[in-house]
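# mind looking at a prediction? Sequence and model below.
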Amino acid sequence: MLKPFLESDRKEAGCDEVGRGCLCGPVVAAAVILPSDYANAFINDSKKLTKANRIHLVTEIKTAAIAWSIAEASVEEIDQINILNASFLAMTRAIESLNIEPDHLLIDGNRFKSKTDIPYSCIIKGDGKFASIAAASILAKVYRDDLMEKMAVQFPGYGWEKNFGYPTKAHREGIKKLGLTPIHRKSFRHLPDQLNIEF
């Protein structure tokens, strides 16, 4: 069972993002405030759950949460400000979209930068330690995976329905054969051998 809170006497929002290592598509973040007495043994780091379990938990999380939000930073923003800053931007948007302002943020990872003045704690591998961060990771991943599955229909041949934009062999073979799509991140290295690719 993951920890329900860092401190019990405040509204804590867990925040996580997905898609930083992808070659295409937005980076997606979620923020979740859970009741301090909430407990669910099935909530865990989204990467450790099956797709079916993640989808089932989305409804549970949204129902149980005091507040939740999902936000994106676009491919264009990633290329303009870099993926790390775009990740911070997506998390900030998710936090600012909550209908209740949290007292404190639990941020997955070792650093965070934001214009929000809400105090925060960075927690390395926090999605495997705190329920609210894990819940945020689940919401963000299910949202982004669904988005990339839809993009796979629009842009077939890259295997996004399975790799969701990550740099797998199938994805890179698609780039070699078909070139880049409008949702590929132009600032990323798409192929190890740096083939000339039409943007």
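Looks like it arrived, so ask away.

# please count neighbours and contacts with C-alpha atoms only from this point.
OK.

# residue 160 - nearest residue in space that isn't next to it in sequence?
residue 152 (5.2 Å; CA to CA, 6 or more residues apart in numbering).

# likewise for residue 26?
In space, residue 26 is closest to residue 74, 4.6 Å off (CA to CA, 6+ apart).

# quick check: buried residues in the longest helix seen in the chain?
In the chain, assigned by DSSP state H, the helix with the most residues is helix 131-154. Neighbour counts over helix 131-154 (16 or more other CA atoms under 10 Å) mark 131-145, 147-149, 151-152 as buried.

# now stretch 62-82
Buried residues in stretch 62-82, counted by 16+ other CA under 10 Å: 62, 66-78.

# what average pLDDT does that stretch get?
Looking at stretch 62-82 alone, the average pLDDT works out to 98.

# so for stretch 10-27, mean pLDDT?
pLDDT averaged over stretch 10-27 gives 97.

# cool, stretch 30-49 as well?
For stretch 30-49, the mean pLDDT works out to 94.

# for it, list every residue counted as buried.
So stretch 30-49, judged by 16+ other CA under 10 Å, has buried residues 30, 31, 32, 33, 34, 35, 36, 43, 44, 45, 46.

# what's the first-to-last distance across that stretch?
End-to-end span of stretch 30-49 (CA to CA, to the nearest Å): 17 Å.

# show me the helices in the protein, by range?
51-64, 75-81, 83-97, 131-154, 160-163, 169-178.

# please tabulate these in CSV, including the columns distance to residue 117.
Putting the helices of the chain into CSV (distance: least, CA to CA, whole Å) gives the following:
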stretch, distance to residue 117
helix 51-64, 25
helix 75-81, 21
helix 83-97, 11
helix 131-154, 19
helix 160-163, 36
helix 169-178, 40
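
# and the ones you listed: which comes nearest residue 184?
Closest to residue 184 of the helices of the chain, according to CA to CA: helix 75-81, at 7.2 Å.

# quick one: that closest one to chain centroid distance?
Put simply, helix 75-81 sits 16 Å off its chain's centre (CA atoms, centre = their mean, to the nearest Å).
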